[in-house]
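Engineer: Sequence first, predicted coordinates after that:
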Amino acid sequence: MPWCWSFPLSPVADPASQRVRTYHARRGRLSDRHREALLDTGERWLLDPTGGLLHFDDVFGRTAPVVLDIGCGMGESSLIQAAAAPEVDIVAIDVHTRGIATLLRAGEREGLTNVRAVLGDAVVFIEQRVARGSLAGARIYFPDPWPKVRHQKRRLVQPGFMALLVDRLAPGGFVHCATDDESYATQMLEVVDAEPRLANPYADFAPRHVTDSAIPGVVDRPVTKYERRAQRLGHPVRDVWATRRLPA
């Protein structure tokens with residue numbers, strides 16, 4: 001039977017019903033262009049958000065470091081960094097269909113074979129499909145800040161999520177977060193510093209450009225539309241960087 005696209009046109013109820021949802025459900029009609037992108041590229045580049053553990057060597061057809069881009073939006077950053085580091089494989093995750101469709105079409109057009117996409121909840125995908133110690137890194141750029149105090153429990157970067165993510169990092173693997181929300185930036189730094197398996201070499205916020213040739217997948221964080229908007233609004237952007245400690 002030929003493959004057919006069967007993902008929802010808009011986010012559905014969180015499969016982990018006991019967990020607070022960490023994203024806005026942005027609903028809207030899917031255009032023919034986006035639908036065609038999913039149909040044309042889905043079989044090659046989309047990964048199911050649920051199921052058994054993935055073997056990334058099989059997914060990408062090679063052995064290479066794998067980095068998760070969590071909340072990839074329209075895929076702008078993922079595509080730039082994939083092109084900058086072709087020796088690294090990227091799994092870009094988002095819950096919004098149009099963003100994933102845009103990423104898939106652009107990746108196909110640019111001939112980037114080192115990108116796969118997941119349309120679904122990052123937490124569920126990590127829990128079910130990512131093996132322990134299998135990741136070279138994870139990027140979380142400009143996640144939903146949930147600025148109202150009563151909503152901040154919905155923020156993605158919390159101790160429980162960070163513990164889950166670090167469990168999937170290989171020793172020496174990195175976590176790189178960025179936000180223009182001052183409150184969230186402070187929370188990110190506190191969460192990273194509280195995780196005993198992570199080491200923050202800066203002991204504070206990281207510089208704008210983090211480069212370390214010894215760590216696979218570390219390339220400059222590109223300036224995307226989210227950061228350009230923050231600049232227009234006069235919001236300083238903060239980066240938080242840490243690596244999983246090596247075994248003693």
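Structural biologist: Structure's in. What do you need?
Engineer: only C-alpha atoms for contact and neighbour calcs from this point on.
Structural biologist: Noted.
Engineer: quick one: low-confidence parts of the protein?
Structural biologist: Low-confidence segments of the chain (pLDDT under 70): 1-37, 39-42, 211-214, 216-217.
Engineer: for this structure, what spans make up the strands?
Structural biologist: If DSSP state E is used as the criterion, the strands of the chain fall at 46-47, 66-70, 89-94, 115-119, 135-141, 169-179, 198-199, 238-244.
Engineer: Need the residues that contact the second one.
Structural biologist: Read it as strand 66-70. Outside strand 66-70, the residues that touch it by CA atoms under 8 Å, 6 or more residues apart in numbering are 56, 78, 88-94, 122, 134-141, 217.
Engineer: what's the answer for the fifth one, then?
Structural biologist: Outside of strand 135-141, the residues within contact range by CA under 8 Å, 6+ apart are 65-72, 168-170, 172-179, 215-217.
Engineer: Recalculate using a threshold of 6 Å.
Structural biologist: 65-70, 168-170, 173-178 (CA atoms under 6 Å, 6 or more residues apart in numbering).
Engineer: Pairing partners for that strand, with directions?
Structural biologist: Here strand 135-141 has these sheet partners by DSSP bridges: strand 66-70 (parallel), strand 169-179 (parallel).
Engineer: Please identify the buried residues of the last one?
Structural biologist: Judged by neighbour count using 16 or more other CA atoms under 10 Å, the buried positions of strand 169-179 are 169, 170, 171, 172, 173, 174, 175, 176, 177, 178, 179.
Engineer: That one relative to strand 238-244, how many degrees between them?
Structural biologist: Going by axes from the mean of the first three to the mean of the last three CA atoms, to 10 degrees, strand 169-179 is angled at 170 degrees with respect to strand 238-244.
Engineer: Alpha carbons of strand 169-179, in PDB - could you do that?
Structural biologist: Provided in PDB are the C-alpha atoms of strand 169-179 (Å, rounded to 0.1, in the frame of the first residue of the first chain):
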ATOM      1  CA  LEU A 169      22.300  12.900  25.700                       C
ATOM      2  CA  ALA A 170      25.500  11.100  25.200                       C
ATOM      3  CA  PRO A 171      28.300  12.200  27.600                       C
ATOM      4  CA  GLY A 172      29.600  15.500  26.300                       C
ATOM      5  CA  GLY A 173      26.400  16.200  24.500                       C
ATOM      6  CA  PHE A 174      25.000  19.700  24.600                       C
ATOM      7  CA  VAL A 175      21.900  21.600  25.400                       C
ATOM      8  CA  HIS A 176      21.500  25.100  23.900                       C
ATOM      9  CA  CYS A 177      18.500  27.300  24.800                       C
ATOM     10  CA  ALA A 178      17.700  30.800  23.700                       C
ATOM     11  CA  THR A 179      14.900  33.200  24.600                       C
END
